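Peer 1: quick one: sequence plus predicted model below, questions after.
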Amino acid sequence: MTLENIQHALEQARFEERCADRHADAGDETAYTTAAAIRAEWQRLLDHTADTRAERYDPDHDTALQPALRREHHRQDVADRAREAAHQARQTIDLAHRRLAGTAAQPLYTALDRAGLHTLTDDDHQTVRDLTHHLDPATLRQVMSWLERTRSAAFALRGPGQERPGRPVVRRSWS
C-alpha cells in the first residue's frame with residue numbers, strides 16, 4: 001500500500017469519525033469508538049511508513065503489528081488446542097461410558113450415532129445403561145427402529161441436495 005493510499009484512507013477515516021461523532025451525541029457511542037479506533041490505526045500506519053521513509057507500507061516490517069499478530073496466532077493456537085483437548089476428553093469419557101454399558105448397549109449406541117446424537121451427556125449414557133438393563137431385547141429393537149425411522153423422516157424433510165449429517169470433525173494442528 002502506497003503512502004498516497006494510506007493518506008487517502010486516513011482522510012476517509014477522519015470523515016467517518018466526524019460522522020460517527022454526530023451519532024455519538026444521539027447516544028450511539030459504539031460507532032464513534034469503532035471509527036476512532038480505525039482512524040487511529042490509519043494514522044499509525046501513516047506515521048510508521050513516514051518514519052521508515054518507505055514508499056510503501058510493509059506489514060512484515062511493522063514493529064507494532066508483528067507482536068500483535070504473534071499474540072493473536074498464539075491465542076488462536078491455545079484455543080484450538082483447548083478445543084482439541086476437550087474433544088479428546090469427551091471421546092475418552094464417551095468410550096468409558098460405552099464400555100461400562102457393555103455389549104448389549106452397542107446396538108442402541110449405534111442407533112443414537114446414526115440418528116445424529118454424537119455428543120451424549122452423562123445422563124444420556126446412564127439412560128442407555130438403564131434401558132439395556134431393564135428392557136428386553138425386542139423392546140430395545142423397537143426403540144432402535146423408532147430412532148432409525150425418525151432419522152429417515154428428518155432426511156426426507158430436509159429435501160434433496162442437502163448433505164446428511166456426519167460425525168463432527170476436529171482439525172488437528174501439529175505445528
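Peer 2: Received it, and whenever you're ready, just let me know what you need. Numbering: from 1, shown residues only.
Peer 1: residue boundaries of the helices in the protein?
Peer 2: 3-25, 29-51, 65-101, 106-114, 122-134, 137-158 (DSSP state H).
Peer 1: let me have those helices in a markdown table, extended by distance to D58 and mean pLDDT.
Peer 2: All C-beta spots, glycine's among them, are computed from the backbone N, C-alpha and C. Output for those, formatted as a markdown table (distance: least, Cβ to Cβ, whole Å; pLDDT from 0 to 100):
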| stretch | distance to D58 | mean pLDDT |
| --- | --- | --- |
| helix 3-25 | 12 | 86 |
| helix 29-51 | 8 | 88 |
| helix 65-101 | 10 | 88 |
| helix 106-114 | 51 | 82 |
| helix 122-134 | 54 | 86 |
| helix 137-158 | 49 | 83 |
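Peer 1: as TSV, those with mean neighbour count would be great.
Peer 2: Formatted as TSV, these follow (neighbours: other Cβ atoms under 10 Å):
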stretch	mean neighbour count
helix 3-25	15
helix 29-51	15
helix 65-101	12
helix 106-114	16
helix 122-134	14
helix 137-158	13
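Peer 1: now for those, which one comes closest to P59?
Peer 2: Evaluated over the helices of the chain, closeness to P59 peaks at helix 65-101, with 5.5 Å, by Cβ to Cβ.
Peer 1: and the angle for the closest one with helix 29-51?
Peer 2: Interaxial angle of helix 65-101 relative to helix 29-51 (axes from the mean of the first three to the mean of the last three Cα atoms, to 10 degrees): 130 degrees.
Peer 1: helix 65-101 - contacts with which helices or strands?
Peer 2: helix 106-114, helix 122-134 (3 or more Cβ pairs under 8 Å, 6 or more residues apart in numbering; DSSP states H and E).
Peer 1: quick one on the thing from earlier: export the helices of the chain as CSV, with columns for distance to P59.
Peer 2: Listed next are these as CSV, based on distance: least, Cβ to Cβ, whole Å:
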stretch, distance to P59
helix 3-25, 12
helix 29-51, 9
helix 65-101, 6
helix 106-114, 46
helix 122-134, 48
helix 137-158, 44
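Peer 1: quick one: contacts for S152?
Peer 2: Contacts for S152 (Cβ atoms under 8 Å, 6 or more residues apart in numbering) come out as none.
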